[in-house]
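Asks: One predicted model, sequence on top.
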Amino acid sequence: MVFRFLLLSDEVDDFKREIQIDSEATFLDLHNAILDSVGYTKDQMASFFVCEDDWSKKTEVTLVEMDTSSDVDNYIMEDTHLDELLEEEHQKLLYVFDYMTDRAFFMELREIIPNKHLKEAVCTKSKGEPPVQIMPIDEFDNKMNASTDVGEDFYGDSEYDMDELDRNGFEGLDDSIIDNPYDDDRY
């Protein structure tokens, strides 16, 4: 099976990415595909969180093992296959790419494509520039102070609607695969 993910940012209104990846790939493969699609370096900590429908964090999948003494199961990206934790369309995930400021991409498993397989992940749709990978701590402090002083949201636009992920998808692009990635010799 192939999983088709949609990624959005609450910091940049016109940023969207669609990534297709084999369901048997690891979270590390998805991590690398995301970083490649946005041009980020691969030298920073990151985590995925499988979320409830209201975006509350449920299960964390970390880049490296963080806590071996916990009674909670520890999932490591390199050792955890996507199909171990993802089972149905419209499951939500957070991909935290900046640990210091807890900045993340909002992700949804938009479609499960049966009877197809990919050897490696592919970014099938790309729109807008991603937010900066690492926000300087002084800029973070300034935004935090501004948000507490005037009551605005820290990230992006105070009018950001979390339901946008459900309603808009890729504006101006249909949900079909524009360039069929299965016809390419890489797969």
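Replies: On my side now, so go ahead. Numbers count the residues shown, from 1 in each chain.
Asks: isn't I76 right next to E60, touching?
Replies: No - judged on C-beta atoms under 8 Å, I76 makes no contact with E60 at a distance of 10.2 Å. Where you see a C-beta, it was placed from the backbone N, CA and C, and this is true even at glycine.
Asks: Between those two, which contacts overlap?
Replies: Common neighbours of I76 and E60 (criterion: C-beta atoms under 8 Å, 6 or more residues apart in numbering): none identified.
Asks: pLDDT below threshold where in the protein?
Replies: Residues of the chain that meet the criterion pLDDT under 70 lie in 67-72, 139-187.
Asks: quick one: the helices in it?
Replies: 27-38, 82-85, 137-150, 164-167 (DSSP state H).
Asks: how near is V96 to E129?
Replies: Taken as C-beta to C-beta, to the nearest Å, the spacing of V96 relative to E129 amounts to 20 Å.
Asks: of these two, who's got more company?
Replies: The residue with more neighbours, out of V96 and E129, is V96; 18 against 12, by other C-beta atoms under 10 Å.
Asks: Would you enumerate the residues in contact with the residue lying closest to K57 once chain neighbours are set aside?
Replies: With C-beta to C-beta, 6 or more residues apart in numbering as the criterion, K57 has its nearest non-adjacent residue at 4.2 Å, and that residue is F49. By C-beta under 8 Å, 6+ apart, the contact list for F49 reads K57, K58, T59, E60, V61, L93, L94, V96.
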